[in-house]
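*Asks:* kindly generate the corresponding structure for this input.
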Amino acid sequence: MVKKILFALIILTKISFAYSQIEINDIGIETRYPITMGENFLNNNEVGDYNGIIDFGLDVNILKKNNFNFGILFNISFLSMSETNLNLSCLSPKLKVDYLVDFESVQVIPQFAIGYSRWMFQSKGTDLTDEYNNQINTGSYKENKDGITLKASTKIVINGKEDHKIKLYFLVAYEFTRLQKSDEAVNSDFNRNLQLLYPGIGIIWKIN
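*Replies:* Model prediction:
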């Protein structure tokens, strides 16, 4: 399913490029803070919840049509569950579309994106004490999960004048991921539907 969706996105992007002017207009570099949400194993785990550490992102505009910008996104997020010494990282490339609303002092940029995400869980094990005061190590753990991710966000750009090469922006983003079925976990929304909120800050480097 993941491969079919990504293949369709690539074909649609190539069709759009064929009828539009391709040009790298600007590059955005941002850092965000991951906040888990909703009824899922990231946010409502019986053992403990995952806490956000940091997220880094790259936002590239490669096609412009009037006030619309089309391009690619790439994010890497880091979270952890301290109760089990479990670390989580997520790699997520996406295709995106922006719409620029230009005011006198700021620019507002709503954005929608869709793409692939790989969630990588890893732990070296945790030392626990049972009811008889015996030391038990949970052992190492490593697992990868794949999914389709939808993103909706809004940027508020400061210093939004055309002659500024570097622009500062604040953002808030919501991302929903539907994980593929797993043989190790029950097939339920709790185990497959992930939601995260990302407040953040970034800069736009205008190339052209």
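
*Asks:* what about the strands in this structure?
*Replies:* Under the criterion DSSP state E, strands of the chain are mapped to 22-32, 35-37, 51-65, 68-81, 86-99, 101-102, 106-123, 127-129, 135-137, 141-158, 166-179, 193-206.

*Asks:* dump those strands to JSON lines, plus distance to Asn45, mean neighbour count and mean pLDDT.
*Replies:* Every residue, glycine included, has its C-beta placed from N, CA and C. Listed next are those as JSON lines, based on distance: least, Cβ to Cβ, whole Å; neighbours: other Cβ atoms under 10 Å; pLDDT from 0 to 100:
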{"stretch": "strand 22-32", "distance to Asn45": "22", "mean neighbour count": "16", "mean pLDDT": "85"}
{"stretch": "strand 35-37", "distance to Asn45": "10", "mean neighbour count": "17", "mean pLDDT": "96"}
{"stretch": "strand 51-65", "distance to Asn45": "11", "mean neighbour count": "18", "mean pLDDT": "93"}
{"stretch": "strand 68-81", "distance to Asn45": "7", "mean neighbour count": "19", "mean pLDDT": "95"}
{"stretch": "strand 86-99", "distance to Asn45": "10", "mean neighbour count": "19", "mean pLDDT": "95"}
{"stretch": "strand 101-102", "distance to Asn45": "39", "mean neighbour count": "12", "mean pLDDT": "90"}
{"stretch": "strand 106-123", "distance to Asn45": "12", "mean neighbour count": "18", "mean pLDDT": "94"}
{"stretch": "strand 127-129", "distance to Asn45": "16", "mean neighbour count": "10", "mean pLDDT": "60"}
{"stretch": "strand 135-137", "distance to Asn45": "20", "mean neighbour count": "10", "mean pLDDT": "61"}
{"stretch": "strand 141-158", "distance to Asn45": "14", "mean neighbour count": "17", "mean pLDDT": "94"}
{"stretch": "strand 166-179", "distance to Asn45": "15", "mean neighbour count": "18", "mean pLDDT": "96"}
{"stretch": "strand 193-206", "distance to Asn45": "12", "mean neighbour count": "18", "mean pLDDT": "95"}
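
*Asks:* now Pro199. Nearest residue, chain neighbours left out?
*Replies:* Excluding its sequence neighbours, the residue lying closest to Pro199 (Cβ to Cβ, 6 or more residues apart in numbering) is Val172, at 5.1 Å.

*Asks:* that neighbour and Gln111 touch, don't they?
*Replies:* No. Using Cβ atoms under 8 Å, Val172 makes no contact with Gln111, being 10.8 Å away.

*Asks:* that older thread, now the residue nearest to Pro199: how far from Tyr99?
*Replies:* Remark: distance between Val172 and Tyr99 (Cβ to Cβ, to the nearest Å) = 16 Å.

*Asks:* with Glu39 instead?
*Replies:* 31 Å.

*Asks:* likewise for Gly115?
*Replies:* From Gly115 over to Tyr99 (counting by Cβ to Cβ), the distance is 18 Å.

*Asks:* repeat that for Lys124.
*Replies:* 45 Å.

*Asks:* ok, Phe112 next?
*Replies:* 9 Å.
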